[in-house]
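[1] here you go, sequence then predicted model.
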Amino acid sequence: VDELIYMDIVASLYGRNNLSDIVERTAENVYVPITVGGGIRSVDDVWRLLRSGADKIAVNTAAIARPALITELARRFGSQCIVLSIEAKRAAGDRWEAYTDNGREKTGLDAVEWAREGVERGAGEILLTSMDADGTKDGFDLELTRAVAEAVEVPVIASGGAGSVDHCIDAVVEGRADAVLAASIFHRREIEISAVKRAMADRGIPVRVTT
């Protein structure tokens, strides 16, 4: 893998942020960037995780509650460190609504407009999860991914729905994503990461292929 992402998906619900230990132990043993999200609400939270070995921090719920947090974090740690995590569900018409608390709470925010605002406020990357596709293994929401990727000038990571090698390729080629995130298909070894990367390379997608 090129990057690891740790997300405590119920951290905001329970008002916690306790990933420092696992981040520290991971950073001692692996040598790829680590992004951490879940329950991050302040500069101190970010500082603690960076000290533990994280390279980037993902924010969602706290950023929606107080958008100025994005700017505060970007000014303190640099935009390259701040990832805006967006959990989106399809709404009426050709639009998507941003959610919080792992897709449980509506916000009323248009997901594409929120991505644009987040980048304007200093986010250096978007982690975009389709809550409609998440867990289905039926493929990424390509329309959503493309809409966000075309609206911002920072990298977009597509998340939610990976079930095959072709899904990952489609997210980049058709969805215009810069990277893809997958969990269960890799955790259960249903697909080997190396197979995805070889297939991407065969399609002309720039990717670091290991032998």
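    All right, it came through fine. Residues are numbered from 1 along each chain as shown.

[2] the helix or strand containing residue 113 packs against which elements?
    Assigned by DSSP states H and E, residue 113 falls within helix 111-120. Counting contacts by 3 or more C-beta pairs under 8 Å, 6 or more residues apart in numbering; DSSP states H and E, helix 111-120 is packed against strand 82-90, strand 96-100, strand 125-130, helix 142-151. Where C-beta positions appear, they are placed from N, C-alpha and C, glycine not excepted.

[3] which one of those lies nearest to residue 113?
    Taking C-beta to C-beta, helix 142-151 is the member of the helices and strands packed on helix 111-120 nearest to residue 113, at 8.0 Å.

[4] circling back: between the helices and strands packed on helix 111-120, which one is closest to residue 193.
    Set against residue 193 and scored by C-beta to C-beta, these come closest in strand 125-130, at 18.3 Å.

[5] alpha carbons only: can I get that closest one in PDB?
    Only the C-alpha atoms of strand 125-130 are listed here, as PDB (Å, rounded to 0.1, in the frame of the first residue of the first chain):
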ATOM      1  CA  GLU A 125      -6.900  16.700   0.400                       C
ATOM      2  CA  ILE A 126     -10.400  15.300   0.300                       C
ATOM      3  CA  LEU A 127     -11.300  11.800   1.600                       C
ATOM      4  CA  LEU A 128     -14.600  11.200  -0.100                       C
ATOM      5  CA  THR A 129     -16.800   8.400   1.100                       C
ATOM      6  CA  SER A 130     -20.100   7.500  -0.600                       C
END
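
[6] now it against strand 96-100, angle please.
    For strand 125-130 against strand 96-100, the angle by axes from the mean of the first three to the mean of the last three C-alpha atoms, to 10 degrees is 100 degrees.

[7] so how far is strand 125-130 off the chain centroid?
    Distance, stretch centre to chain centre, for strand 125-130: 4 Å (C-alpha atoms, centre = their mean, to the nearest Å).

[8] and it, average pLDDT?
    In this model, strand 125-130 carries a mean pLDDT of 98.

[9] ditto for stretch 24-36
    pLDDT averaged over stretch 24-36 gives 94.

[10] what's the end-to-end length of it?
    In stretch 24-36, first residue to last residue: 11 Å (C-alpha to C-alpha, to the nearest Å).

[11] got the contact list for it?
    Stretch 24-36 is contacted from outside by 1-7, 19, 23, 49, 52-58, 83, 127, using C-beta atoms under 8 Å, 6 or more residues apart in numbering.

[12] which residues touch the helix holding residue 113?
    Here helix 111-120 makes contact (C-beta under 8 Å, 6+ apart) with 63-64, 67, 70, 84, 86, 88, 95-98, 107, 126, 128, 144, 147-148, 151-154.

[13] thinking again about what came up before, now the contacts of stretch 24-36: which count as buried?
    Buried subset of these (neighbour count, 16 or more other C-beta atoms under 10 Å): 1, 4-7, 19, 23, 49, 52-58, 83, 127.
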